[in-house]
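Chemist: the following comprises the amino acid sequence and a computationally predicted model.
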Amino acid sequence: MKKLLTFMLIATIGGSLLNASQSLSLESALEMLKSQNLEIKSAQIDIESALQDAKAASANHYGKLDFIQDFARSDDAGNVFGFKLSSREATFGDFGAQEFMSSLNPSSPNYVPDGDYTTPPSDLNYPDDRNYFQSKLKYEVPLFTGFKISSYEDIMESVTKIKKLEKSQVVNEKIYEMRKSFYDMALLEESISNLNVILSNIETLEAMTKEMIEVGYAKKVDLLEVKAKKGNVERLISQMESNKELLYHYISFLLNQKVTSIETPSLEIKTPSISSEEIVKNNLDIQKANRGLAIKESMVNVSKSAYYPMVGAFAEVATADDTFLGDASDHQSYTLGARLTWNIFNGGADYANVEKSRLDYLKTKTQVALANSGIELQIQKIKTEIDSFNKDIESLKKELALADEIYKNYEARYREKLSSMSDVIIKQSEQIQKILQLQQTINKRNERVFALEKLANGDER
């Protein structure tokens with residue numbers, strides 16, 4: 001057993017190390033995100049809760065069955081007689097019949113020739129105390145509620161769909177954040193690679209400057225300028241490495257597990273080809289707004305239900321005795337019935353409630369139209385920004401290529417003592433500036449592409 005446990009432990013540790021050493025692809029990360037992200041799990045719980053609310057609303061159609069167990073003890077005349085009557089044990093003696101008959105007996109000391117109809121019978125008015133146990137099953141069911149229950153069903157169905165749409169929004173938001181994190185990482189690695197090339201060039205320039213100082217063709221201040229620029233580039237690389245570490249922490253947070261290595265995607269992201277009309281039609285915010293409008297419409301129907309009569313039916317079976325379930329079959333009883341309740345007048349409150357619900361519906365309808373216009377405006381704004389960034393990126397790539405050539409030219413001129421070290425450093429600074437500017441522009445362009453995909457519910461067509 002010890003050997004088996006040791007083998008399983010080694011296998012588990014080995015598998016964990018293997019998984020830790022593997023780089024996580026974007027596709028795998030997105031699949032893991034849907035099942036591991038805590039916010040998505042919370043949204044799923046909200047859906048399940050809404051489904052239970054919908055079941056509770058539908059359950060009203062089937063009425064309710066109650067078991068009622070009463071226990072009482074009383075010497076109140078009305079209660080005692082009622083207890084006996086309910087348990088089918090009432091007798092003539094409970095009415096004082098024995099006392100009355102004795103008043104008709106000539107041999108009785110209480111004899112009254114014409115009978116005694118005015119003396120209160122003691123057996124009826126002063127009974128002994130009595131226990132009362134009643135066991136009852138009662139079933140009540142609504143037959144017609146003025147469409148109130150069906151309207152509440154429609155409301156809860158819309159609420160459930162809204163919760164599902166909210167979960168889809170959470171999923172899309174987390175996909176957006178995950179994709180952006182992966183592409184941010186790709187940009188950082190690209191920028192670090194470019195800066196490492198520049199750092200290598202600076203180190204070459206540093207070595208060359210040292211040699212030129214030895215032969216008297218350069219000054220110590222030239223070397224100081226080179227070292228200062230080298231420190232600047234190293235600082236930039238260090239900052240980007242720190243940003244990479246922060247991105248890994250954020251990706252780990254999104255996936256709810258530790259991530260130390262990922263496969264960075266290509267920096268080229270195509271602009272979604274989906275039309276603005278399709279985006280507006282399928283947009284989750286618009287779908288939520290439409291569901292909210294359906295709820296307001298159902299609320300109008302709920303308000304109108306006050307104009308209709310309410311009809312319900314009930315049935316009950318019961319047994320009663322002075323002991324629990326005593327002679328239950330002999331003392332059982334049943335009741336069947338129905339009730340109609342119709343409010344004829346309540347001072348115009350029903351009309352006011354209907355009008356308020358109708359106005360809420362009209363207001364929501366206006367808000368839905370406004371939401372459609374807002375999404376359309378947002379789409380056009382994002383598309384315009386993407387086009388602008390595309391042009392900026394093309395221009396910056398050309399400017400970076402020119403800056404690279406200018407730097408190489410000035411480096412060669414410095415070797416020939418045709419330019420100063422300050423001129424070389426300035427051109428190198430322009431080269432670094434173009435790299436960082438290009439990175440920022442690509443980052444902004446990617447963020448806008450992801451934002452457009454998010455509006456399109458993650459559609460990347």
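Modeler: Good, I have the coordinates.

Chemist: show me what counts as buried in the strand of greatest length in the chain.
Modeler: Secondary structure assigned by DSSP state E gives strand 130-144 as the longest strand of the chain. Neighbour-count burial for strand 130-144 flags R130, Y132, F133, Q134, S135, K136, P142 (criterion: 16 or more other Cβ atoms under 10 Å). Placement of C-beta: from N, CA and C, glycine included.

Chemist: check contacts around the last one.
Modeler: Under the criterion of Cβ atoms under 8 Å, 6 or more residues apart in numbering, the contact partners of P142 comprise N60, H61, G63, I149, M310, V311, G312.

Chemist: can you give me the neighbour number for the last one?
Modeler: Read that as G312. Using other Cβ atoms under 10 Å, G312 is surrounded by 16 other residues.

Chemist: so what are the sheet partners of the helix or strand containing it and their directions?
Modeler: Per DSSP states H and E: G312 is located in strand 310-321. Here strand 310-321 has these sheet partners by DSSP bridges: strand 130-144 (antiparallel), strand 332-341 (antiparallel).

Chemist: CA atoms of the shortest one as PDB?
Modeler: Output for strand 332-341, consisting of C-alpha atoms alone and laid out as PDB, is shown next (Å, rounded to 0.1, in the frame of the first residue of the first chain):
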ATOM      1  CA  GLN A 332     -65.000  12.300   9.500                       C
ATOM      2  CA  SER A 333     -66.600  15.000   7.400                       C
ATOM      3  CA  TYR A 334     -66.100  16.700   4.100                       C
ATOM      4  CA  THR A 335     -66.700  20.100   2.600                       C
ATOM      5  CA  LEU A 336     -66.700  21.200  -1.100                       C
ATOM      6  CA  GLY A 337     -67.100  24.800  -2.200                       C
ATOM      7  CA  ALA A 338     -66.200  27.600  -4.500                       C
ATOM      8  CA  ARG A 339     -65.900  31.400  -4.000                       C
ATOM      9  CA  LEU A 340     -66.200  34.300  -6.400                       C
ATOM     10  CA  THR A 341     -64.700  37.600  -5.400                       C
END
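
Chemist: how far out from the middle of the chain is whichever helix or strand comes after it?
Modeler: For strand 332-341, the following helix or strand on the C-terminal side (DSSP H and E) is helix 349-415. Relative to the centre of its chain, helix 349-415 is centred 26 Å away, using Cα atoms, centre = their mean, to the nearest Å.

Chemist: which other helices and strands contact helix 349-415?
Modeler: Using 3 or more Cβ pairs under 8 Å, 6 or more residues apart in numbering; DSSP states H and E, the elements in contact with helix 349-415 are helix 148-214, helix 276-282, helix 284-304, helix 421-455.

Chemist: quick one: average confidence on that helix?
Modeler: The pLDDT scores in helix 349-415 average 92.

Chemist: report the inter-axis angle for it versus helix 421-455.
Modeler: Counting by axes from the mean of the first three to the mean of the last three Cα atoms, to 10 degrees, helix 349-415 points 150 degrees away from the direction of helix 421-455.

Chemist: also compute the angle for helix 349-415 relative to helix 148-214, please.
Modeler: Angle, helix 349-415 to helix 148-214, by the same axes, to 10 degrees: 10 degrees.

Chemist: drop anything exposed from the contacts of P142.
Modeler: With neighbours counted by 16+ other Cβ under 10 Å, those contain buried members at N60, I149, M310, G312.

Chemist: touching, the last one and Y139? I think so.
Modeler: No: here G312 does not reach Y139: they are 10.9 Å apart, not a contact under Cβ atoms under 8 Å.

Chemist: how far away is S305 from R88?
Modeler: Using Cβ to Cβ, to the nearest Å, one gets 42 Å for the distance from S305 to R88.

Chemist: low-confidence ranges, the protein, go.
Modeler: Along the chain, the model assigns pLDDT under 70 to residues 1-21, 101-118, 458-461.

Chemist: count of neighbours near the residue lying closest to A306 once chain neighbours are set aside?
Modeler: Using Cβ to Cβ, 6 or more residues apart in numbering and skipping residues adjacent in sequence, the residue nearest A306 is D350, 4.1 Å away. Close neighbours of D350, defined as other Cβ under 10 Å, add up to 16.

Chemist: next one: the one 5 residues further on
Modeler: The local packing count at E355 equals 13, with neighbours defined by other Cβ under 10 Å.

Chemist: same question, the one 3 residues further on
Modeler: Neighbour count of R358, defined by other Cβ under 10 Å: 16.

Chemist: hmm, the residue nearest to A306 is touching S303, no?
Modeler: Yes: using Cβ under 8 Å, D350 makes contact with S303 at a distance of 7.4 Å.

Chemist: tell me which residues touch the residue lying closest to A338 once chain neighbours are set aside, please.
Modeler: Nearest non-adjacent residue to A338, counting by Cβ to Cβ, 6+ apart: A313, 4.5 Å away. Contacts for A313 (Cβ under 8 Å, 6+ apart) come out as E140, V141, L143, L336, G337, A338, R339.

Chemist: for stretch 223-235, which residues meet the burial criterion?
Modeler: When neighbours are counted by 16+ other Cβ under 10 Å, the buried residues of stretch 223-235 are found to be L223, E225, V226, K229, K230, V233.

Chemist: was I right about the first one contacting E206?
Modeler: Yes: taking contacts as Cβ under 8 Å, L223 lies within contact range of E206: 7.0 Å.

Chemist: ok so, going back, which of the strands paired with strand 310-321 sits closest to D285?
Modeler: Proximity to D285 (Cβ to Cβ) singles out strand 130-144 among those, at 37.0 Å.

Chemist: how close does E405 sit to E430?
Modeler: Using Cβ to Cβ, E405 is found at 12 Å from E430.

Chemist: higher neighbour count, the two?
Modeler: The neighbour comparison of E405 against E430 (other Cβ under 10 Å) goes to E430, with 16 against 12.

Chemist: same question for stretch 412-422: list its buried residues.
Modeler: For stretch 412-422, by 16+ other Cβ under 10 Å, it's Y414, R415, S419, S420, M421.

Chemist: got the contact list for the last one?
Modeler: In other words, M421. Counting by Cβ under 8 Å, 6+ apart, M421 makes contact with T209, A218, V221, D222, E225, V226, Y414.

Chemist: make it 7 Å
Modeler: Residues near M421 by Cβ atoms under 7 Å, 6 or more residues apart in numbering: D222, E225, V226, Y414.

Chemist: out of these, the closest to E31 would be?
Modeler: Closest approach to E31 among these (Cβ to Cβ): V226, at 48.9 Å.

Chemist: so what's the closest one closest to, chain neighbours aside?
Modeler: Distance criterion Cβ to Cβ, 6+ apart; nearest residue to V226, sequence neighbours excluded, is E206 at 4.8 Å.

Chemist: state the distance from that neighbour to M421.
Modeler: Distance of E206 to M421, given as Cβ to Cβ: 11 Å.

Chemist: which neighbours do these two share?
Modeler: What both E206 and M421 touch, as defined by Cβ under 7 Å, 6+ apart, is the set V226.
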